[in-house]
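Trainee: Have a look; sequence and predicted model below, questions after that.
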Amino acid sequence: MDKSTKNALMIWAATIAGGAGGSWASTRMGASLGLRLGPWGAVAGALIGSVAGATLSKRMLGDVDAMPKVESDTL
């Protein structure tokens, strides 16, 4: 298996795990605050979690092509 296939599988796995975790977390947080978010709350949590999982896995793998440059002009 070549490196790009491994990277793609890693990103997909992180996306799925992030989506499941985000869905679970939004349901649990809503319940702890006494809110009933319903199915749309779980969907929103899954969407946010999947985007976060994919972004973090890409950064960990170094697949991000254009990292923003931070310049400080305050000196």
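Mentor: Sure thing, it's come through.
Trainee: Helices along this structure, start to end?
Mentor: Counting by DSSP state H, the segments of the chain that form helices are 3-32, 38-61.
Trainee: Quick check: chain neighbours aside, which residue is closest to the most centrally placed residue in the chain?
Mentor: Central residue of the chain (CA atoms, centre = their mean): residue 52, 1.6 Å from the mean position. Nearest non-adjacent residue to residue 52, counting by CB to CB, 6 or more residues apart in numbering: residue 18, 5.3 Å away. Glycine gets a C-beta too; all of them are placed from N, C-alpha and C.
Trainee: picking up where we left off before, mind putting the helices of the chain in TSV, mean pLDDT included?
Mentor: Output for those, formatted as TSV (pLDDT from 0 to 100):
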stretch	mean pLDDT
helix 3-32	88
helix 38-61	88
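Trainee: Find the residue closest to residue 10 in space, skipping its chain neighbours.
Mentor: Using CB to CB, 6+ apart, the closest residue to residue 10 is residue 57 (5.7 Å).
Trainee: Quick check: that neighbour vs residue 19, distance?
Mentor: 12 Å (CB to CB, to the nearest Å).
Trainee: same deal with residue 9?
Mentor: 16 Å.
Trainee: So which of the two has more stuff around it?
Mentor: Comparing residue 9 with residue 19 by other CB atoms under 10 Å, the one with more neighbours is residue 19, at 21 against 11.
Trainee: Quick check: the more buried one touching residue 52?
Mentor: No. Counting by CB atoms under 8 Å, residue 19 does not reach residue 52; the two are 9.3 Å apart.
Trainee: Pull up the overlap in contacts between those two.
Mentor: Counting by CB atoms under 8 Å, 6 or more residues apart in numbering, residue 19 and residue 52 have no shared contacts at all.
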